[in-house]
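Asks: For reference, the sequence and a predicted model appear below.
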Amino acid sequence: MKKTTLILLSLFISLSAAYAQKGINFSNNIAAGGKLLMHVDSGARNVFYAIGFPNQPRTSFNYLPDVNHVSISINFRKNINIRHYRYTILADNKSIALNKPINMAQLKDTHAEGDEELFSSTTLGIFPVKDKTVTTLVYSIDKPQDIDKAVFYGKSIPRAKILSFSMLSKSDQVYSTSWVKDPKGSTNFTFTEKDLQLTIVKDKSDIDYLYYTSIKDKKTNKIIFESTTWRYGGIISEDHEQLPFIEIDKNIFKKSGEYEIIIQPSIKWTSCFDCDISPKETEKYVTRHTLFITLAEENYTKKELYSYALMATFVIGLNFLLILNAIKRRNKKRLTVEEQQKNTAKLQLNSIRSQLNPHFLFNALSGIQNLMNKNEIDNANKYLSKFARLTRNVLDDKELVSLSQEKTLLDDYLQMEQLRFGFKYEINRSENLDNVEIPSMLLQPFVENAVKHGISKKATDGKIVITFTKQANDLVLTVTDNGNGFDTEKKNNGLGLQLSNSRIALLNSIYKENRFTLAIQPSTNGTKISLTLTDWL
């Protein structure tokens, strides 16, 4: 089969000048230390290549709607150790080559066109891509976390669907959220002084990173908002998947009027090899939704409020009989869905709590074993005595416990660990908080992390300070240690912290009016973890 070669982002292949601009080039600071090349059918058209994303720095997306097969090869610089590199190839997320080393016997020396540097080249294979997704992952075993990902997308890109809008409001220190589900072509919103932000929820896909969102003022035709990043966490579908969403500050809307939300793929349709897509055809990839925004006045006179209320009552009265049954059916369905979501979140929360208990007990038993192995029998006996009461509290399986009970559990745990490491600790709290209830074992995983990863090596110089503080209507819980801190950019595989993060996300889905906010502040002088329970008191 005759191939033409596409070279992306560099002058790399020694073919005719007609194809000098085609291909894929990952030569800039990537794990493979070279360049990845793509070859497609000679008759293929509309090849969009090397699409990058600000929030996906090591990912390249290639849209190949008219390509049947793609040949993928890789060129390495001569001054690197090729034996250290591995690659994985996926077809529709199924592995067809897993962590394979480079076949040294197939390497051939080659020059890039116009470049005197010598490379070693090999072909990774020829893969059918029509109606499929082929993904390559290349990395060095010296830096396995630096994975370069290239996606060859042969399917039709789906049009994004807006599943719902939500409005976050705050009144009298109480947060509330109102929803508009399954919106059609247009939606009306009235922003008052209490409204804070608008959230757009999109359907989930395996290429969410490809879509970017903008909002246009239709009167001035100016873009007033742009975002290339979708957030996850806290919004869950009926299939228990986390849905992507974008939060928009209401202050971007300066005037009442008509606005347009535009969600579209991050593809420059005029920048491709042999383009044959008209603007009319590209419109099928774009989602458009009209917002009619009304900005309420900040202050109203009593007369204005009375007139507005009278007018609204009159309009509602005229339509009440016609829409009463429809409202009842819709409200019943909404309440049923919300109750199902809440029950599902509670079941997931119980599952996470059931995982935290054996995780904690296993670590405590490891501490006893450690003392026994060091022949510290007296300390092991003291440790075991504390452990007995702690076990009863941990296995009690209450959803909520008082702060005094949480303090007792933390005291028992820290006194046990003092026998092993000899550090100091304090637990301080504001007045009149003893009977305030919080989710059980809420702080314990963070305290355990401070002991194990913060001050365990500092012996008697280590110190942990725990505080329960009242700030207005908020309850603020902090854990501070004087360890060496840690890098928040690195992925932490500790089960306790992973489960705690998942637990906080679920708590936010249950206590929607009382958000749980986690802040981690590491430094070379220690780490401070703050957990704020909003409007909890």
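Replies: Alright, I've got the coordinates. Numbers count the residues shown, from 1 in each chain.

Asks: Tell me the bridge partners for Y175.
Replies: Beta-bridge partners recorded for Y175 (DSSP bridges): K170.

Asks: ok, it - contacts?
Replies: 168-169, 512-515, 534-535 (C-beta atoms under 8 Å, 6 or more residues apart in numbering). Any C-beta I mention is one placed from the backbone N, CA and C, and that applies to glycine too.

Asks: I162 now?
Replies: So I162 contacts 183, 200-202, 261, 263, 287, 289 (C-beta under 8 Å, 6+ apart).

Asks: Can you get me a residue count around L409?
Replies: 21 (other C-beta atoms under 10 Å).

Asks: and it, which of the three is it?
Replies: helix (DSSP: H, G, I helix; E, B strand; the rest coil).

Asks: Wait, it touches Q444, no?
Replies: Yes. The pair L409 / Q444 is scored as a contact, 6.6 Å apart, by C-beta atoms under 8 Å.

Asks: Could you pull out the helices in the stretch 351-500 of the chain for me?
Replies: Here the stretch 351-500 of the chain has its helices, by DSSP state H, counting those that start in this stretch, at 377-394, 403-421, 444-449, 495-510.

Asks: Any idea how far the longest one is from the middle of the chain?
Replies: The chain centroid and the centroid of helix 403-421 are separated by 33 Å under C-alpha atoms, centre = their mean, to the nearest Å.

Asks: residue ranges for the helices of the stretch 101-250 of the chain, please.
Replies: Under DSSP H, counting those that start in this stretch, the stretch 101-250 of the chain gives no helices.

Asks: Pop the domain breakdown of the protein in here.
Replies: 3-153, 162-299, 336-533 (automatic domain parsing).

Asks: For A326, which of these is the nearest?
Replies: domain 162-299 (14.6 Å; C-beta to C-beta).

Asks: Any stretches of the stretch 151-300 of the chain with poor pLDDT?
Replies: 297-300 (pLDDT under 70).

Asks: would you turn the domains of the chain into TSV with distance to L322?
Replies: Below are these laid out as TSV (distance: least, C-beta to C-beta, whole Å):
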stretch	distance to L322
domain 3-153	47
domain 162-299	19
domain 336-533	24
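
Asks: do you know which of those lies nearest R329?
Replies: Short answer: domain 336-533, nearest of these by C-beta to C-beta, at 10.8 Å.

Asks: so how far is that closest one off the chain centroid?
Replies: 24 Å.

Asks: Look up the closest residue to the most centrally placed residue in the chain, ignoring the ones flanking it.
Replies: Among the residues of the chain, the one closest to the centroid is Y232, at 4.2 Å (C-alpha atoms, centre = their mean). The shortest distance from Y232 to any non-neighbouring residue, by C-beta to C-beta, 6 or more residues apart in numbering, is to Q242 (4.5 Å).

Asks: That neighbour contacts I236, doesn't it?
Replies: Yes. Applying C-beta under 8 Å, one finds Q242 in contact with I236, separated by 5.9 Å.

Asks: neighbour-wise, which of those two wins?
Replies: A direct count of neighbours by other C-beta under 10 Å for Q242 and I236 places I236 higher, at 18 against 14.

Asks: for the stretch 1-150 of the chain, what are the low-confidence residue spans?
Replies: 1-34, 111-116.

Asks: Quick one: neighbours of N508, just the number.
Replies: 18.

Asks: likewise P54?
Replies: P54 has 10 nearby residues by other C-beta under 10 Å.

Asks: give the contact list for it.
Replies: 228-229.

Asks: how about 6 Å then?
Replies: T228 (C-beta atoms under 6 Å, 6 or more residues apart in numbering).

Asks: Please apply the same query to the one 5 residues further on.
Replies: With C-beta under 6 Å, 6+ apart as the criterion, the residues that contact T59 are K149.
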